[in-house]
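Q: Curious how this folds, go ahead:
(chains A and B)
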Protein chains: 2
Amino acid sequence: MAEMIAQESLALGVNHLFAPVVDLARELRFGRVEEMFGEDPYLSGELGYSFVKGLQKNGVAATVKHFAGFGTPEEGLNTAPVHGGEREMRRTYLPAFKRAIIDADAWSVMSACHSPEVPTNSATTTASANDVEMGGGSFNYRAIPGLLEDGTLEQEILDTAVSRILRSKFAMGLFENPVSAAPQEKWNKLIHSEKAIKLARQIYRESIVLLENNGVLPIDKKKVKSIVVLGPMAHGFMNYGDYVVYLSQYRGVTPYDGIKNLFKDTSTKVTYAQGCERWGNDKSGFPEAIAAATAAEVAIIVGTWSRDQQELWRGFNATTGEHVDIHNLNLVGAQADLVRGILAVNPNTVVVFSSGKPVTEPWISASAAALVQQFYPSEEDGNALADVLFGSYNPSGKLAVSIPRDVGTSPSYYDYQKGGRFNSPGAVYENGTMVFGHQYVLSSSLPLYPFGFGRSYSTFQFSNVTVDKTNVTATDIVMARLSVRNNSTRDGTEVVQLYITDKIASVVTPNMELKGFKKVFLRAGEAKSVGIPVDVKGLGVWNTRGKYVVEKGEFVVAVGDSAEGIKSSLSFWVG
Amino acid sequence: MAEMIAQESLALGVNHLFAPVVDLARELRFGRVEEMFGEDPYLSGELGYSFVKGLQKNGVAATVKHFAGFGTPEEGLNTAPVHGGEREMRRTYLPAFKRAIIDADAWSVMSACHSPEVPTNSATTTASANDVEMGGGSFNYRAIPGLLEDGTLEQEILDTAVSRILRSKFAMGLFENPVSAAPQEKWNKLIHSEKAIKLARQIYRESIVLLENNGVLPIDKKKVKSIVVLGPMAHGFMNYGDYVVYLSQYRGVTPYDGIKNLFKDTSTKVTYAQGCERWGNDKSGFPEAIAAATAAEVAIIVGTWSRDQQELWRGFNATTGEHVDIHNLNLVGAQADLVRGILAVNPNTVVVFSSGKPVTEPWISASAAALVQQFYPSEEDGNALADVLFGSYNPSGKLAVSIPRDVGTSPSYYDYQKGGRFNSPGAVYENGTMVFGHQYVLSSSLPLYPFGFGRSYSTFQFSNVTVDKTNVTATDIVMARLSVRNNSTRDGTEVVQLYITDKIASVVTPNMELKGFKKVFLRAGEAKSVGIPVDVKGLGVWNTRGKYVVEKGEFVVAVGDSAEGIKSSLSFWVG
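A: Now for the predicted structure:
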């Protein structure tokens, strides 16, 4: 994907991009969660690494951002302070930056813009010195000659900044091969090529997550006679996120378009009813939507929506984006009632959440026939969604972020510190019955859907988990192996996840941490042996003296299909 | 108060108490917020200081706890990690401990029991070494001889622990005057004396906070003919918090008792209807309550409830206490609907929230004739509440904690870092109309009621604010003076609050910080000159090198009746 992005950028003469974002999605109210890879340091580091490599291989500079600790601002408000000590910074926030900046050799880094509560005494403040001024019209660089003259700015600081910029330019080879846009007649070949469109569909459908399914999915496209697509998120615009080209939301295949495409040469009827707007409580469209839902197979698509930055700055309403922060994670306006109305008349309703970050409505999870989460799409949105809903693609997407029950039960990330998540839950049931617990009194401290979770139309069986050595040193690679079998009559893909727990350490460590994963395609009935290497030097702690040490003792290797779906575990010992 | 507590403790032979708690109430889901003095470092330090002095003056050891940073556990869960760097620790969490431990010379300290994310490299870890084992039945001290023998425990560590305990015992004079309980015949004089009961009423009525009042309060006790007290929190038990003696909740003057007491020799009718239980959604009591409310002056008392620890451990339902954490700050069960029903039939309804920490229902704030917040009471609860409702005491309580609009708009403490609270609010109105904002999209990032807020039956005017010097050094005391006038025909008490903003500093500093306050009693129409000293050495920052420095530059002095009710401000300069 990054290689394709680089190709398209270069064709336009753009050789420096402001991505990837390896901040961690741990404060879900924050409007920029939509830009992040997820909540996990390891996963974000691996994805960031690959993204940087992909861009820079083609000569386009990546910008790893926002350095560092930007994902958890107080109150979820853009630029608010981030709370966290140096050990937390080093354990949780810096590893993804290390992977993307040092290991992948990124040519630029963007500093974070929250109040610098974190770091305090660490060297990161210096390392994140700002050498380049962003566009936007402030033109502060014009003041540099004056500041040098009156002594406010030291020549050395300026020289360091310039030398860093030059270093990147040399590394990019810009002095040998200055970049210029491709001639316009080549654009059609280089930009928005058939290959790019295919890739956009392939990658996107792999990212769709099936959260619930009572068997209604996949819908048999040969048998279905009539489909109604409902909801304000299903048609009329694309839900791309805020950092996109002005008005690009009107280019792309919407969910309704995609489903129509699938049936265009058939007798199956595909219709659409909006039901309500995204941004209001007007229910005048409900009767039409509910009537349409009564007689047909139904997919209802609701969610939260973004606007491109230009529209955001002009004040158009949106629910996410930079400087657009929310105070809960629910559906907005009439959308929840629309779902309620449809579910009441059609038991086979498939609800699709379209959003750049978690939406959480536990009652929909409990009552819809199926629930699908689509994060921001490519332009092939509707086609990819149709692939999943009608089974030409067996869903394999896994959550890169835990979904809490509501804002009051967050943060819900899986790698909480040991002892950090007592759970003796209570509940309030739909009929009003209350069951009192302690964590929480009337809810649960555990997420609704855990990190790494995602269903398939197949079921997979994990067995024979082994490690190639049990007594190891800090420089070893331990190879974990297991057998994965597709226990179904349908080809499918599973993401095998490997988590490590440092059983006893000199400082408190996370309950578990992702340290490896592998995506495995398995034909119906097929079994494969899967190997996941664990690099022992990555299992250290920052001890009370601020040193990174792989400590002796037991490390538990747990293998599963989500952070809460552990199938098997065993241990090795660092001696 | 602390002196009286010490007197009663000593009479029973108890010379060591587990108070005060100077943790900061900044994560309102946490069940132990009820034990804290509030969200503010300065206020908690001053109250902690006085509490320690009061206890120890009478020879009872105070225990300052929980050292340190215990007030903001992740997810609001008891013992979960606390996020914060060393500078935040030093700026925000440690000052109250410094006041209560060092300045007040506390004889014991209890360590916090959250996952030690904070501190990281600071010396506080050593300082909080545990020398005493709490009761509870684990008897780990029995292992000490064995641990010494096999070398696991160093003799020096044990010696240090013992020497610290002995130091406290020497300081308490225990070797000269061993403590024993007073003879039983003196208990009636020393414990639960008339003076203690009077004090309990006086202190408690000063703590009640009037949040809203459309003029219905105070109720004229000579004119009122019929009063109905409603709601499950108004009678049958006391709402004391969890660390109380088993079953003490059944001793004390309930709100209904107190109001009855006031009218016992009059023709005014005082009746009670429960309406609903605290812990359920059964509304069968609504008709009786609503009928009663239709014809009378009404006080409806709802809230969240606690249980004594013994009942908590036995699993009785409760909404707060140690290991009892909540996921929202709303009323529980049928209580909100009970209020809704009463408000619909009686426009003069006074709603009273009874709770150990903030309850937030913005719709009640907007629609009740008056709203009163009573935090945990003394045994004189109902009498003190009657004093306030019927005007024999003019309310003077101020919030020691900001009340957010809901859990999703928290934390809401007033001393956020500069730049840390963008506020471009949106809203959803009762009729469904939605107005889109950015912070938050459909709410506000500001609290519903700010720190320091509380109404009076009088209005006060602040004028002529001055400081005695404007160019100062770090060792100066600046005296701020102002005139406060009671612009009403009723005697009243105002709490004048002084906040400081360090205008430009080498590190990010809070938007404002309480640095002084004075409680002033003013007869109707009276004006007084009030002086509040500001100790300049208390205005330093912990700089990027980890040093405490009072930096040069402008400091703004703001005087007001709450953190958002600033009446006047001016500056002085540290040179």
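Q: Hmm, residue A:368 is touching residue A:343, no?
A: Yes. Residue A:368 lies in contact with residue A:343 (CB atoms under 8 Å); the separation is 6.3 Å. In this view, the C-beta of every residue, glycine as well, is placed from N, C-alpha and C.
Q: neighbour count winner among the two?
A: Set residue A:368 next to residue A:343 and count neighbours by other CB atoms under 10 Å in any protein chain shown: residue A:368 wins out with 26 against 20.
Q: Spell out which helix or strand contains the residue nearest to that one when sequence neighbours are not counted, please.
A: Sequence neighbours aside, residue A:351 is the residue nearest to residue A:368 in space, at 4.3 Å (criterion: CB to CB, 6 or more residues apart in numbering or on different chains). Using DSSP states H and E, residue A:351 falls within strand A:350-354.
Q: Show me the helices in the stretch 151-300 of chain A, by range?
A: Assigned by DSSP state H, counting those that start in this stretch, the helices in the stretch 151-300 of chain A fall at A:155-171, A:187-190, A:194-207, A:255-262, A:286-295.
Q: Does anything pack onto the second one? Which helices or strands?
A: Using 3 or more CB pairs under 8 Å, 6 or more residues apart in numbering or on different chains; DSSP states H and E as the contact criterion, the elements in contact with helix A:187-190 are helix A:2-11.
Q: Say whether chain B is contacted by the helix or strand that the helix it packs on is followed by.
A: Next in sequence after helix A:2-11, counting helices and strands by DSSP H and E, comes helix A:41-57. No. Against chain B, helix A:41-57 shows no contacts by CB under 8 Å from any CB of the partner chain, the least distance being 15.2 Å.
Q: In contact with the closest residue to residue A:226 other than its chain neighbours, which residues are there?
A: Using CB to CB, 6+ apart and skipping the chain neighbours, the partner closest in space to residue A:226 is residue A:296 (4.0 Å). With contact taken as CB atoms under 8 Å, 6 or more residues apart in numbering or on different chains, residue A:296 is in contact with A:225, A:226, A:227, A:228, A:269, A:271, A:346.
Q: who wins for most neighbours among those residues?
A: That'd be residue A:228 among these, by other CB under 10 Å, with 26 neighbours.
Q: Quick one, grab the pLDDT at that one.
A: We note a pLDDT of 96 for residue A:228 in this prediction.
Q: With the one 4 residues further on instead?
A: We have a pLDDT of 96 for residue A:232.
Q: again, but for the one 3 residues further on
A: Per-residue confidence (pLDDT) for residue A:235: 96.
Q: Check the contact between it and residue A:254; I expect there is one.
A: Yes. Counting by CB under 8 Å, residue A:235 touches residue A:254, with 4.7 Å between them.
Q: Can you name the residues bridging to the residue nearest to residue A:368?
A: residue A:300, residue A:371 (DSSP bridges).
Q: show me what contacts it?
A: Contacts of residue A:351 (CB under 8 Å, 6+ apart): A:300, A:301, A:302, A:339, A:343, A:364, A:368, A:370, A:371, A:372.
Q: Look up how far chain B lies from the fifth one.
A: Yep, that's residue A:343 we're talking about. Here the distance between residue A:343 and chain B works out to 21 Å (CB to the nearest CB, to the nearest Å).
Q: Name the residues that touch the helix or strand where that residue lies?
A: Using DSSP H and E, residue A:343 sits within helix A:335-345. Here helix A:335-345 makes contact (CB under 8 Å, 6+ apart) with A:230-233, A:275-276, A:278, A:283, A:286, A:289-290, A:293-294, A:298, A:300, A:302-303, A:330-331, A:349, A:351, A:361, A:364, A:367-368.
Q: Buried ones in that helix, by neighbour count?
A: The neighbour-count check on helix A:335-345 (16 or more other CB atoms under 10 Å in any protein chain shown) flags A:335, A:336, A:338, A:339, A:341, A:342, A:343 as buried.
Q: For that helix, the averaged confidence score.
A: On average, helix A:335-345 scores 96.
Q: okay, the angle between it and strand A:350-354?
A: Here helix A:335-345 runs at an angle of 170 degrees relative to strand A:350-354 (axes from the mean of the first three to the mean of the last three CA atoms, to 10 degrees).
Q: Identify the residues contacting residue A:567.
A: For residue A:567, counting by CB under 8 Å, 6+ apart, the contacting residues are A:462, A:465, A:559, A:560, A:561.
Q: Closest residue of the stretch 451-575 of chain A to chain B?
A: residue A:508 (4.5 Å; CB to the nearest CB).
Q: That residue: neighbour count?
A: 17.
Q: does it count as helix, strand or coil?
A: Put simply, residue A:508 is coil when judged by DSSP: H, G, I helix; E, B strand; the rest coil.
Q: That one and residue A:571, how far apart?
A: Residue A:508 is 20 Å from residue A:571, where distance means CB to CB, to the nearest Å.
Q: can you list the weak-confidence ranges in chain A?
A: Filtered on pLDDT under 70, chain A yields the residue ranges A:115-129, A:136.
Q: ok so, going back, need the helices of the stretch 151-300 of chain A in TSV with distance to residue A:63, can you?
A: Formatted as TSV, the helices of the stretch 151-300 of chain A follow (distance: least, CB to CB, whole Å):
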stretch	distance to residue A:63
helix A:155-171	10
helix A:187-190	22
helix A:194-207	21
helix A:255-262	32
helix A:286-295	44
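Q: winner for burial among these?
A: helix A:255-262 (a mean of 23; mean count of other CB atoms under 10 Å in any protein chain shown).
Q: From the chain's centroid, how far away is that helix?
A: Taking the mean of its C-alpha atoms, helix A:255-262 sits 25 Å from the chain's own mean (CA atoms, centre = their mean, to the nearest Å).
Q: That helix vs strand A:350-354, what angle?
A: 130 degrees.
Q: for helix A:255-262, packing partners?
A: Against helix A:255-262 (3+ CB pairs under 8 Å, 6+ apart) you get strand A:226-230, strand A:269-273, strand A:297-303, helix A:381-389.
Q: what does that helix rub up against?
A: With CB under 8 Å, 6+ apart as the criterion, helix A:255-262 contacts A:221, A:227, A:229, A:233-235, A:253, A:270, A:272, A:299, A:301, A:352, A:354, A:380-386, A:389-390.
Q: which ones are touching the closest residue to residue A:171 other than its chain neighbours?
A: Excluding the flanking residues, the one nearest residue A:171 by CB to CB, 6+ apart is residue A:107, at 5.8 Å. Residues near residue A:107 by CB under 8 Å, 6+ apart: A:16, A:56, A:61, A:62, A:63, A:168, A:171, A:172.
Q: Check residue A:442 too.
A: Applying CB under 8 Å, 6+ apart, the residues near residue A:442 are A:426, A:427, A:428, A:434, A:435, A:436, B:326, B:327, B:332.
Q: among the residues you listed, which ones are buried?
A: A:426, A:427, A:434, A:436, B:326, B:327, B:332.
Q: Against residue A:428, how distant is the fourth one?
A: Here the distance between residue A:436 and residue A:428 works out to 10 Å (CB to CB).
Q: got it, and the last one?
A: Using CB to CB, one obtains 9 Å as the distance from residue B:332 to residue A:428.
Q: now residue A:100
A: For residue A:100 relative to residue A:428 (CB to CB), the value is 43 Å.
Q: and if you look at residue A:201?
A: For residue A:201, the distance to residue A:428 - CB to CB - is 42 Å.
Q: quick one: the helices in the stretch 401-550 of chain A?
A: Going by DSSP H, counting those that start in this stretch, the stretch 401-550 of chain A shows no helices.
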